[in-house]
Structure formats: structure tokens, C-alpha cells
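A.B. asks: model the following, please.
(2 chains)
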Amino acid sequence: KAGVTQTPRYLIKTRGQQVTLSCSPISGHRSVSWYQQTPGQGLQFLFEYFSETQRNKGNFPGRFSGRQFSNSRSEMNVSTLELGDSALYLCASSFGQGGDTQYFGPGTRLTVL
Amino acid sequence: KNEVEQSPQNLTAQEGEFITINCSYSVGISALHWLQQHPGGGIVSLFMLSSGKKKHGRLIATINIQEKHSSLHITASHPRDSAVYICAAGGGGNTPLVFGKGTRLSVIA
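C.D. replies: Predicted structure coming up:
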């Protein structure tokens, strides 16, 4: 089975722009979670989607949004980028929702200049 | 105080040594996860456990639910074990995972 894929792998944007990141889960997995990783804060939960419904949202401003499609693929969007949004964005898929083993993608490294 | 605390933050060991990484949590959990992250960012899930002990090769994970504490042990450590090890608590229901800050392990040959 193919693993979790994320596109793009690297991205450079400037402040004020917006960005869309994509995540394709392992085939058959219906849950996709998104995480932000920075050197200062470590890994932080952004959101979780299961069967196209957002189940949980982390403590991030409304500039961060996401969605999940009927084929379980997910996108996250960050609008009005700030320097502090520079981070590694990871998605993870699991078969069930919540506490199942999560399989992580390679991440998208976003740099905001 | 963080909801998930790991110790030590950094660890250097000689090849062959027995290694222990500790994780204490204050959140309610359905499971405790141990993750491994190599340079470059890729994360691999090592264990998910809600009670007792699990073993995979040279890796052993234990959890004490009453004390809200988990340990990850590496026996006969090897330079390829060098990575950041992260514990995460929560998951299930409406509780997303909360992560520790990670333990950076370097194993020297």
C-alpha cells in the first residue's frame, strides 16, 4: 500500500499570501489529522477530519482551515500568512477516528518571508 | 505546565547501552503513542498502548495508567536509533493528541 503523501514538499511564500497544502491518506483510511511542527512549540494539533466532517480543531486562529473530500483526501489552507506560520506541516491518516495508530506523511515545509 | 512531559530532553549514549525515555501526562487518554522522527522530518509511529507493555524488536514500551507514566526502552542501542522520540497522549472521542517536546537521542559507535 502506498503511504501518506503530501504536496508540495517545500513551499516559500511571503507575508499576506495564502497557501493550500494537500494530503492523500493511505487507501482505506477515513481519518486525516493535521499538525504543525515548529522548533519552539514542537508538534501541535491543527484539525482532524473523519468522513468529510471536522471532528476536532486545535487552538489556532481562523486563518487556518481545512476540508476533507469524499475520497478522504484533505487540504488545509492558511490565509494571510504571517512569519510565525513558517513550520513543517504534517498530516497523518488512520483507519478509524480518534485514537487509532496514525501514519504520517513526509510533511510540507512552509517558509514565510 | 505542559500536559505531556518528557525526560530527558537530550540523551547521548554509547552503542550497546540500554536507554530509557520517560513520559508523564496529565490529560485523560484512550492511548499513549510513541513516535520516532528522523532528521528530515519523517515520523513513524512506534507504539500505541493503553495498558501494560508492548515489545517490537529492541524497543519496549510500558505504561502505568494509575501513575500516568509511560517509558520507552531501547535495548542494545545502535547508531541508527539516533532520532527524536516523541510521546503523545490523548486521542479517541473528542480529545486530540497532545505531544511532548521530544527526546533527542544520539547513539555513538
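
A.B. asks: CA atoms for contacts and neighbours, from now on please.
C.D. replies: OK.

A.B. asks: around chain B, which positions in chain A sit nearby?
C.D. replies: Contacts of chain A with chain B, taken as Cα under 8 Å from any Cα of the partner chain, map to A:41-45, A:48, A:55-56, A:58, A:88, A:97-107.

A.B. asks: could you pick out the buried ones from those?
C.D. replies: Among the residues of chain A next to chain B, those classed as buried by 16 or more other Cα atoms under 10 Å in any protein chain shown are A:42-45, A:48, A:55-56, A:58, A:88, A:97-107.

A.B. asks: center of chain A, which residue is that?
C.D. replies: Among the residues of chain A, the one closest to the centroid is A:W34, at 3.3 Å (Cα atoms, centre = their mean).

A.B. asks: you'd agree that residue is in a strand?
C.D. replies: Yes. Judged by DSSP: H, G, I helix; E, B strand; the rest coil, A:W34 forms part of a strand.

A.B. asks: next up, the contacts around it.
C.D. replies: Neighbouring residues of A:W34 by Cα atoms under 8 Å, 6 or more residues apart in numbering or on different chains: A:F45, A:L46, A:F47, A:E48, A:Y89, A:L90, A:C91, A:A92.

A.B. asks: which of these has the most neighbours?
C.D. replies: If you count neighbours using other Cα atoms under 10 Å in any protein chain shown, the busiest of the contacts of A:W34 is A:C91, which has 32 neighbours.

A.B. asks: tell me the confidence at the closest residue to it other than its chain neighbours?
C.D. replies: Sequence neighbours aside, A:W34 is the residue nearest to A:C91 in space, at 4.4 Å (criterion: Cα to Cα, 6 or more residues apart in numbering or on different chains). pLDDT for A:W34: 97.

A.B. asks: A:W34 and A:L46, how far apart?
C.D. replies: 5 Å (Cα to Cα, to the nearest Å).

A.B. asks: how about the strands in the chain?
C.D. replies: If you meant another chain, say so; for now it's chain A. In chain A, the strands defined using DSSP state E lie at A:5-7, A:10-13, A:19-24, A:31-38, A:42-50, A:53-57, A:64-68, A:74-78, A:87-94, A:103-104, A:108-112.

A.B. asks: I was after chain B.
C.D. replies: Going by DSSP E, chain B shows strands at B:4-7, B:10-14, B:19-25, B:31-37, B:43-49, B:52-56, B:59-64, B:69-74, B:83-90, B:98-99, B:103-108.

A.B. asks: quickly run through the sheet partners of the longest one, with directions.
C.D. replies: The strands beside strand B:83-90 in its sheet (DSSP bridges) come out as strand B:31-37 (antiparallel), strand B:98-99 (antiparallel), strand B:103-108 (antiparallel).

A.B. asks: sorry, back to before: so which of the strands of chain B comes closest to A:S24?
C.D. replies: The closest of the strands of chain B to A:S24 is strand B:43-49. By Cα to Cα, the value is 16.0 Å.

A.B. asks: so what strands line up beside that closest one?
C.D. replies: strand B:31-37 (antiparallel).

A.B. asks: if we can go back for a sec, got TSV for the strands of chain B, with mean neighbour count too?
C.D. replies: Shown next, in TSV, are these (neighbours: other Cα atoms under 10 Å in any protein chain shown):
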stretch	mean neighbour count
strand B:4-7	20
strand B:10-14	14
strand B:19-25	21
strand B:31-37	23
strand B:43-49	20
strand B:52-56	13
strand B:59-64	19
strand B:69-74	21
strand B:83-90	25
strand B:98-99	24
strand B:103-108	20
